[in-house]
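1. Requesting a structural model of the entry that follows:
(one chain, ligands or ions: 1)
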Amino acid sequence: MYTCCNFKRFIKLLVIDIIVLLAAAFIFIISRTINGSSASEPGEEPVPLPVIMYHSVFSTEPSEYVITPRQLDSDLSWLSDHGFTAVSAEELVQYVHGKGELPEKPVLITFDDGHYNNLSAALPLFEKYDMRFIVSVVGRFTDSLAAADPHNSAYSYLTWNDISELINSGRAEIGNHTYDMHSISGPRKGCSRIAGESEEDYRSAFTGDISTLQNTIRSACGYVPYVFAYPFGQISKESIPVLREMGFLVTLTCYERMNYITRDPDCLFGLDRYNRSGLLSTEEYMSRLLNGNK
Ligand SMILES: [Zn+2]
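-> Model prediction:
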C-alpha cells in the first residue's frame with residue numbers, strides 16, 4: 001500500500017514535470033518565432049566590400065588621377081571575369097536595414113569630382129558590362145567651370161543637364177562632394193575644421209556649403225543625394241552628426257582599406273576606398289584592392 005501510494009505520487013509528479021517542460025518548450029519556440037527576424041542574424045558573416053575610387057577617364061598619358069578608357073574597360077572586364085557584381089549605394093542601404101541580400105562578391109565603384117568624361121567615356125563602358133557607379137560632384141565646378149566651357153572630354157566638368165543624363169541612365173547615382181570646399185591649398189583642408197575654428201562656426205560653414213549643393217541638385221536634377229564623398233579624404237569628426245542630420249546614409253573616405261558590411265546602418269559611414277591610379281596595370285591595382293598595400 002505504502003509502495004503503491006509512492007508510485008502514484010511519482011507518476012503525478014512526472015506528469016507535472018512533463019507539462020512544465022512542454023510549456024517551457026512552447027514559450028521558447030514562440031519567442032524564437034517572434035524574434036527570429038531580428039537584426040542580429042546570428043551566423044551572418046560581414047560581407048567584404050572593396051570600393052574603387054576613379055576620377056578622370058581620358059585617352060591621354062595616364063597619371064595618378066587619370067586612367068584611359070582602355071584601362072577602365074580592362075578593369076570592368078577583370079571584375080566581371082572574376083565574379084564581382086557592382087552594387088549601388090541604394091542596395092547597400094537596403095541591406096544594412098535588413099532588406100534584401102548582397103551578391104557573393106560585391107564591389108562599389110565611385111568617381112570623384114564630376115568630370116564630363118564620366119558621362120562621355122565611362123557610362124558606355126558601364127552599359128557594356130551592365131554595372132552601376134556613383135559620381136560625386138562639386139557644385140562650383142558645375143556652376144562655374146562646366147557652364148563656361150562644357151563638353152570637352154579632356155578637361156570639362158559635368159553640366160547640370162549632363163548630371164540629369166547620368167541619373168536618367170539608371171546606371172549612376174550622384175554623390176555630394178561639397179559645393180565649394182574642394183581645395184587643399186587654403187587654411188581649410190577640404191571640408192575639415194580649421195585649427196582654432198569654433199565648433200559652431202565650423203558647423204555653420206559646413207552645413208551651408210553642403211546644403212547649397214543638395215538644394216541645387218534637387219532643383220536642377222530632381223534628385224537628392226544621400227552619398228557624401230569627403231574631398232581629399234579630409235574628415236573632421238564634427239562633420240559626421242551634420243551629415244546624419246541632413247539625411248546622408250553613405251560617406252566615402254580615401255583610406256585604402258577593405259570594408260566589411262553588416263546589417264548595421266553605421267557601417268556605411270566612412271567607407272574606405274582605393275584610388276585607381278592610371279600608373280598601375282589592372283592586375284596590380286586589383287591585387288592592392290583585394291589584398292591591401294603589401
Ligand atoms: Zn575630389
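2. quick one, what contacts the residue of the stretch 151-294 of the chain found nearest the ion?
-> For the stretch 151-294 of the chain and the ion, the shortest gap (Cβ to the ion) falls at residue 231, measuring 4.8 Å. Every C-beta, even on glycine, is put in place using the N, C-alpha and C of the backbone. By Cβ atoms under 8 Å, 6 or more residues apart in numbering, the contact set of residue 231 is 138, 177, 178, 181, 182, 183, 184, 190, 191.
3. again, only this time at 6 Å
-> 178, 182, 190, 191 (Cβ atoms under 6 Å, 6 or more residues apart in numbering).
4. Against residue 231, how distant is the first one?
-> Distance check for residue 178 against residue 231: by Cβ to Cβ, to the nearest Å, it reads 6 Å.
5. Give me the common contacts of those two.
-> residue 191.
6. in the stretch 101-250 of the chain, which spans are helices?
-> 117, 123-128, 139-140, 147-148, 160-168, 199-221, 239-245 (DSSP state H, counting those that start in this stretch).
7. Least confident of the ones you listed, on average?
-> Set side by side, these differ in mean pLDDT, and helix 147-148 is lowest with a mean of 94.
8. From residue 209, how far out is residue 190?
-> Applying Cβ to Cβ to residue 190 and residue 209 gives a distance of 11 Å.
9. ugh, wrong one, I meant residue 161
-> Using Cβ to Cβ, one gets 23 Å for the distance from residue 161 to residue 209.
10. Please say which of these two ends up with more neighbours.
-> A direct count of neighbours by other Cβ atoms under 10 Å for residue 161 and residue 209 places residue 209 higher, at 19 against 13.
11. show me the contacts for that one.
-> 178, 179, 181.
12. at 7 Å what do you get?
-> Contact partners of residue 209, counting by Cβ atoms under 7 Å, 6 or more residues apart in numbering, are 178, 179, 180, 181, 191.
13. Please apply the same query to residue 230.
-> Contacts for residue 230 were tallied using Cβ under 7 Å, 6+ apart; they are 190, 191, 251, 252, 253.
14. that older thread, out of the contacts of residue 231, who's the most crowded?
-> Going by other Cβ under 10 Å, residue 191 tops the contacts of residue 231 with 27 neighbours.
15. Name the nearest residue to that residue, ignoring sequence neighbours.
-> residue 181 (4.1 Å; Cβ to Cβ, 6 or more residues apart in numbering).
16. if we can go back for a sec, go through the helices of the stretch 101-250 of the chain and pick out the most buried.
-> helix 117 (a mean of 24; mean count of other Cβ atoms under 10 Å).
17. Name the residues that touch that one?
-> 56, 57, 58, 153.
18. ok now that helix, how far from the chain's centre?
-> Relative to the mean C-alpha coordinate of its chain, helix 117 is positioned 22 Å out (Cα atoms, centre = their mean, to the nearest Å).
19. Distance of residue 74 relative to the ion?
-> Residue 74 sits 23 Å away from the ion, going by Cβ to the ion, to the nearest Å.
20. Quickly find the element holding that residue.
-> helix 69-81 (DSSP states H and E).
21. and for the helix or strand just after that helix, what are the contacting residues?
-> Next helix or strand after helix 69-81 toward the C-terminus (DSSP H and E): strand 85-86. Applying Cβ under 7 Å, 6+ apart, the contact partners of strand 85-86 are 103, 105, 106, 107, 109, 131, 132, 133.
22. before we move on, the earlier item: could you pick out which of the contacts of helix 117 are near the ion?
-> For the ion, no contacts are drawn from the contacts of helix 117 by Cβ under 5 Å from the ion.
23. Among these, which one has the most neighbours?
-> Neighbour-wise, the contacts of helix 117 (other Cβ under 10 Å) top out at residue 57, 28 neighbours.
24. Quick check: that residue touching residue 123?
-> No: counting by Cβ atoms under 7 Å, residue 57 sits too far from residue 123 to count as a contact (9.8 Å).
25. about what we covered before: switch the contacts of residue 209 over to TSV; also include pLDDT and distance to the ion.
-> Listed next are the contacts of residue 209 as TSV, based on pLDDT from 0 to 100; distance: Cβ to the ion, whole Å:
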residue	pLDDT	distance to the ion
178	98	9
179	98	13
180	98	12
181	98	10
191	97	11
